[in-house]
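Novice: generate coordinates for the sequence data below:
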Amino acid sequence: MFLTAVLVYAAFWNPRLDASMAWNFLDAGVSLVDTGRWMMAHSELYERVDTAAAAGGLVTGEPPGMAILAMPVYLAWRAAVGPVVTRQDFAAFNAACALLLGATLAALVATQVLAYSQWVGAGRRGRLLAAALVAFGTANFFLGTTFFKESVAALGVLLSVRLAVERRPVLARAGAGAIAAAATVVAHPVGLLVPLLAAMILRREGVRRALAFALGAAPLVAALAAYNTWLFGRPWRSGYLALTAVEHPGFVWPKLRVLLELLVGTEGGLVLYSPFLLVAVAGLALAWRGGHRAEAVVAVALLMGSWLAAAAWISQFSDVASWAHTLGPRMLFPAVPLLAAFTGPTLDRLGHRALAALAVPSVSFGYLGAQAGFIPTQTDSTSLAYALKTFVSGTGMGVFFKEWLPARLGLDTVHTVLTRPEVTARDLPALLATATGLRLMVNQAVFLALDVAALTLVAVIVTAVWKGRLPLAADERLPCAS
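Specialist: Numbering: from 1, shown residues only. Model prediction:
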């Protein structure tokens with residue numbers, strides 16, 4: 001499963017550096033390594049978006065976890081390639097992080113779903129389906145092609161929950177606390193998991209193991225509180241508050257419109273774009289009856305908490321639709337793979353037609369998101385319409401083959417011309433009737449052939465592994481790999 005996910009993510013690799021959030025991660029990590037100060041040294045390259053004024057300079061408004069994660073990669077990059085200074089340097093470094101970290105960590109999310117779904121009662125078929133649908137039927141498909149924080153936070157959630165619930169030595173409970181706290185340093189809303197797991201361990205196993213969990217979490221929680229106090233004045237204040245134009249950002253009651261948009265909205269609604277998650281309801285019921293009540297409560301509570309927190313945050317803005325489709329799906333995602341593990345027991349029992357009805361739209365939307373890449377809020381159309389348009393104009397290719405590679409080689413295609421603001425779809429028929437149009441179609445056909453060749457190679461390798469023709473397939477006599 002890991003190899004399958006990594007290879008597919010690599011085939012849809014998105015080297016583009018479009019998101020201000022990724023700029024922040026990279027600039028913070030690069031600046032600390034190069035200057036020894038937690039200050040943004042290259043913020044003019046991205047118009048200082050998502051930065052905050054603190055400690056006499058500019059710092060990232062994002063949580064520090066991803067910048068810390070990028071630092072070891074940058075140390076190796078600086079030694080092998082050189083320092084990162086210009087926009088081109090950052091773009092190249094981001095591409096490396098997307099391939100080395102983004103694809104690997106997102107693939108690990110799928111493997112952890114596979115392992116945890118076995119713990120909550122799924123058979124082999126169910127756990128493989130749950131892992132595959134998380135890998136390719138959720139936002140994890142897109143996250144595996146880029147360098148974003150949500151898949152990292154989701155991996156932390158799954159690892160900490162497994163260490164907290166499975167039959168392991170007391171030291172594992174301390175590890176669960178440390179990993180849950182580390183995931184909070186990556187994405188603050190995941191912090192809800194810390195009290196949830198602490199309460200579960202206290203009730204199940206007593207004070208000693210709950211104390212081990214708390215001691216594991218305490219150092220990183222204290223460090224995050226000290227970081228927030230140093231830069232933003234209060235332990236509970238974070239850079240998130242500096243990322244908005246709201247004068248006094250804070251908690252407001254979630255608006256019903258936003259709550260519904262996050263679940264079933266056309267701009268990334270959770271169950272609309274990943275309908276296979278609906279069967280988690282039956283899976284949670286099976287887990288409850290099967291003795292995994294605490295696990296079910298933690299999964300539901302984390303998802304509900306993430307949902308309400310995201311809705312409350314988005315509800316403070318006047319343009320809630322824009323914020324909902326930009327942030328909503330990613331704000332909920334760290335809780336999604338944990339919930340998806342509970343689909344495994346139900347997926348075991350579904351027939352082929354019911355499974356297709358859930359899996360086909362989930363994977364289709366996952367594919368649309370991955371091939372579209374990062375969709376900026378400044379687009380004139382909705383995110384779904386944008387994804388569909390770029391799917392048609394790019395003949396289904398991923399960002400690497402339809403945008404990045406043509407730009408690097410200086411070869412225009414039908415897609416690259418249509419992405420220019422001065423060119424509209426109405427101009428296309430007249431353009432294609434000319435010699436220039438023929439050249440554009442030929443160029444696009446060449447890149448499409450390269451894309452198909454890459455996907456064919458991935459399919460050949462993956463098929464060989466799953467059929468046991470390569471010595472990478474897991475031994476079926478062994479328990480599910482963790």
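Novice: the stretch 151-300 of the chain: helices as residue ranges?
Specialist: Counting by DSSP state H, counting those that start in this stretch, the stretch 151-300 of the chain has these helices, from start to end: 170-186, 193-205, 207-232, 256-264, 270-273, 280-289, 293-314.
Novice: could you check the angle helix 293-314 makes with the fourth one?
Specialist: What separates the directions of helix 256-264 and helix 293-314 is an angle of 130 degrees, with axes from the mean of the first three to the mean of the last three C-alpha atoms, to 10 degrees.
Novice: ok, the first one next?
Specialist: Orientation note: helix 170-186 sits at an angle of 10 degrees relative to helix 293-314 (the same axes, to 10 degrees).
Novice: max-length helix in this protein?
Specialist: Longest helix in the chain, counting residues (DSSP state H): helix 435-466.
Novice: can you name every helix or strand that that one contacts?
Specialist: Applying 3 or more C-beta pairs under 8 Å, 6 or more residues apart in numbering; DSSP states H and E, one finds that helix 435-466 contacts helix 2-11, helix 405-409, helix 414-418, helix 428-432. Backbone N, C-alpha and C define where each C-beta goes, glycine included.
Novice: now that helix against helix 2-11, angle please.
Specialist: 170 degrees.
Novice: got the buried residues for helix 435-466?
Specialist: 437, 440, 443-444, 447-448, 451, 454-455, 458, 461-462, 465 (16 or more other C-beta atoms under 10 Å).
Novice: by pLDDT, rank those and give me the bottom one.
Specialist: Minimum pLDDT for the buried residues of helix 435-466 is recorded at G437 (88).
Novice: compute the distance between that one and A387, please.
Specialist: Applying C-beta to C-beta, to the nearest Å, the value for G437 to A387 is 25 Å.
Novice: got any ranges where the stretch 301-450 of the chain has weak pLDDT?
Specialist: Within the stretch 301-450 of the chain, the stretches with pLDDT under 70 are 318-328, 377-381, 425.
Novice: could you rerun that using 80?
Specialist: Applying pLDDT under 80 to the stretch 301-450 of the chain flags residues 316-329, 376-382, 421-428.
Novice: show me how the protein divides into domains.
Specialist: In terms of domains, the chain is parsed into 2-369, 378-466 (source: automatic domain parsing).
Novice: point out the most buried one among the ones you listed.
Specialist: Among these, domain 2-369 has the highest mean neighbour count (mean count of other C-beta atoms under 10 Å), at a mean of 20.
Novice: how long is that domain end to end?
Specialist: 20 Å (C-alpha to C-alpha, to the nearest Å).
Novice: circling back: let me have the helices and strands packed on helix 435-466 in TSV, extended by distance to Y74.
Specialist: Shown next, in TSV, are the helices and strands packed on helix 435-466 (distance: least, C-beta to C-beta, whole Å):
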stretch	distance to Y74
helix 2-11	21
helix 405-409	22
helix 414-418	31
helix 428-432	42
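Novice: between the ones you listed, which one is nearest to A110?
Specialist: helix 2-11 (4.9 Å; C-beta to C-beta).
Novice: which helices and strands sit right next to that closest one?
Specialist: Against helix 2-11 (3+ C-beta pairs under 8 Å, 6+ apart) you get helix 103-119, helix 124-136, helix 435-466.
Novice: let's see it at 7 Å
Specialist: helix 103-119, helix 435-466 (3 or more C-beta pairs under 7 Å, 6 or more residues apart in numbering; DSSP states H and E).
Novice: on that earlier part again, of all the helices and strands packed on helix 435-466, which one is nearest P361?
Specialist: Closest of the helices and strands packed on helix 435-466 to P361 is helix 2-11, at 18.3 Å (criterion: C-beta to C-beta).
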